[in-house]
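Chemist: any chance you could fold what I've pasted below:
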Amino acid sequence: MTPTQANEQLGLPKPTIHRLFATLEKEGFLQRDIDGRSYSFGARSRKLSTGVLSSLRIRTARLAILRELSAKIGETCNIALPGRDAMVYLERVETEWPLRIQLPIGTEVPFYCTASGKMYLSTLPKKHLLHYANSEKLTRHTENTITDPAALADEIESVAQQGYALDRQEFMTDMIALAVPILETNGGLVSTLSFHAPKLRFNVEDALSHLPALQEASRALTALISND
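Modeler: Here you go, the predicted model:
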């Protein structure tokens with residue numbers, strides 16, 4: 001939001017609100033968005049939120065939800081947070097299959113070619129999404145990677161309408177992934193919940209058959225955050 005929008009709730013003198021925003025930006029808690037007027041969470045805020053979400057009590061409950069989901073689907077399940085330039089894996093429960101895809105906690109993956117990243121991009125205002133699509137270097141990771149900005153914008157619009165995102169071997173060859181949002185109480189995206197699997201065991205139709213289970217787990221994680 002902009003300082004003016006924030007001040008509609010705070011009611012501070014205009015010079016004070018601008019001074020506070022400048023200080024928070026300098027200290028890394030806020031970062032100026034690409035429109036030059038509004039602000040979003042900075043690196044220190046994201047680090048702080050990761051620490052809160054990783055607290056022992058909430059992590060124990062979160063892992064229980066992830067383990068139950070992984071057992072239902074039979075594949076590795078992940079929670080990822082949007083960073084400044086990529087999605088960051090916060091939590092994961094590995095499949096018991098010997099053939100698995102290694103993306104450990106702390107791994108950063110691109111927004112534009114992963115299920116979790118596309119889910120995050122679908123929550124951006126349209127002008128910010130178009131700026132991202134046209135300014136980001138859309139490196140081709142596989143033959144399925146979307147590297148055309150217009151095609152990427154169309155894909156993200158579909159994700160926004162569907163409420164879920166697919167990775168159709170766009171980040172890694174022979175990997176399928178499905179992601180849904182984890183929401184906060186006001187409906188904004190906090191993080192994403194996803195699972196991925198080798199194409200040897202899954203195709204897109206198989207992945208979508210587990211969408212209801214993924215959405216149910218997402219609601220449980222949202223309730224966990226809301227009740228913390």
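
Chemist: what does the one helix or strand E157 maps to rub up against?
Modeler: Per DSSP states H and E: E157 is located in helix 149-162. Helix 149-162 has contacts (Cβ atoms under 8 Å, 6 or more residues apart in numbering) with 112, 118-119, 121-123, 129-130, 133-134, 138, 146, 165. C-beta here means a position set from N, CA and C on the backbone, and glycine is covered the same way.

Chemist: show me how far the helix or strand just after it is from its chain's centre.
Modeler: Using DSSP H and E, the helix or strand that follows helix 149-162 in sequence is strand 165-168. With Cα atoms, centre = their mean, to the nearest Å as the basis, strand 165-168 stands 13 Å off its chain's centre.

Chemist: and what of stretch 124-134?
Modeler: Using Cα atoms, centre = their mean, the mean C-alpha position of stretch 124-134 is found 16 Å from that of the whole chain.

Chemist: that older thread, now, the contacts of helix 149-162 that are in strands?
Modeler: Of the positions in these, A165 sit in strands, assigned by DSSP state E.

Chemist: among the contacts of helix 149-162, find me the one that's closest to S209.
Modeler: Here the nearest of these to S209, counting by Cβ to Cβ, is A165; it sits at 16.1 Å.

Chemist: for that closest one, give me its contacts.
Modeler: Contact partners of A165, counting by Cβ under 8 Å, 6+ apart, are 115-119, 122, 159, 178-180.

Chemist: turn the residues you listed into JSON lines, columns for neighbour count and pLDDT.
Modeler: Supplementary listing: the contacts of A165 in JSON lines, determined by neighbours: other Cβ atoms under 10 Å; pLDDT from 0 to 100:
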{"residue": "A115", "neighbour count": "30", "pLDDT": "96"}
{"residue": "S116", "neighbour count": "31", "pLDDT": "96"}
{"residue": "G117", "neighbour count": "25", "pLDDT": "95"}
{"residue": "K118", "neighbour count": "28", "pLDDT": "97"}
{"residue": "M119", "neighbour count": "31", "pLDDT": "96"}
{"residue": "S122", "neighbour count": "22", "pLDDT": "95"}
{"residue": "V159", "neighbour count": "21", "pLDDT": "97"}
{"residue": "L178", "neighbour count": "27", "pLDDT": "96"}
{"residue": "A179", "neighbour count": "28", "pLDDT": "97"}
{"residue": "V180", "neighbour count": "23", "pLDDT": "97"}
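
Chemist: tell me the one of those residues nearest D85?
Modeler: Comparing the contacts of A165 against D85 with Cβ to Cβ places G117 closest, at 10.4 Å.

Chemist: what about the residue lying closest to the closest one once chain neighbours are set aside, how many residues close to it?
Modeler: Spatial nearest neighbour of G117, excluding adjacent residues (Cβ to Cβ, 6 or more residues apart in numbering): F111 at 3.5 Å. Burial of F111 is recorded as 22 neighbouring residues (other Cβ atoms under 10 Å).

Chemist: could you measure F111 against D174, distance?
Modeler: Distance from F111 to D174, counting by Cβ to Cβ, to the nearest Å: 21 Å.

Chemist: again, but for L166
Modeler: Using Cβ to Cβ, L166 is found at 15 Å from D174.

Chemist: and for S158?
Modeler: Taken as Cβ to Cβ, the span from S158 to D174 is 23 Å.

Chemist: check which helices and strands the one helix or strand Y89 maps to sits against.
Modeler: Using DSSP H and E, Y89 falls within strand 87-93. In terms of contacts (3 or more Cβ pairs under 8 Å, 6 or more residues apart in numbering; DSSP states H and E), strand 87-93 is packed against helix 43-53, helix 56-73, strand 76-82, strand 108-109, helix 115-121.

Chemist: perfect, I'm done here.
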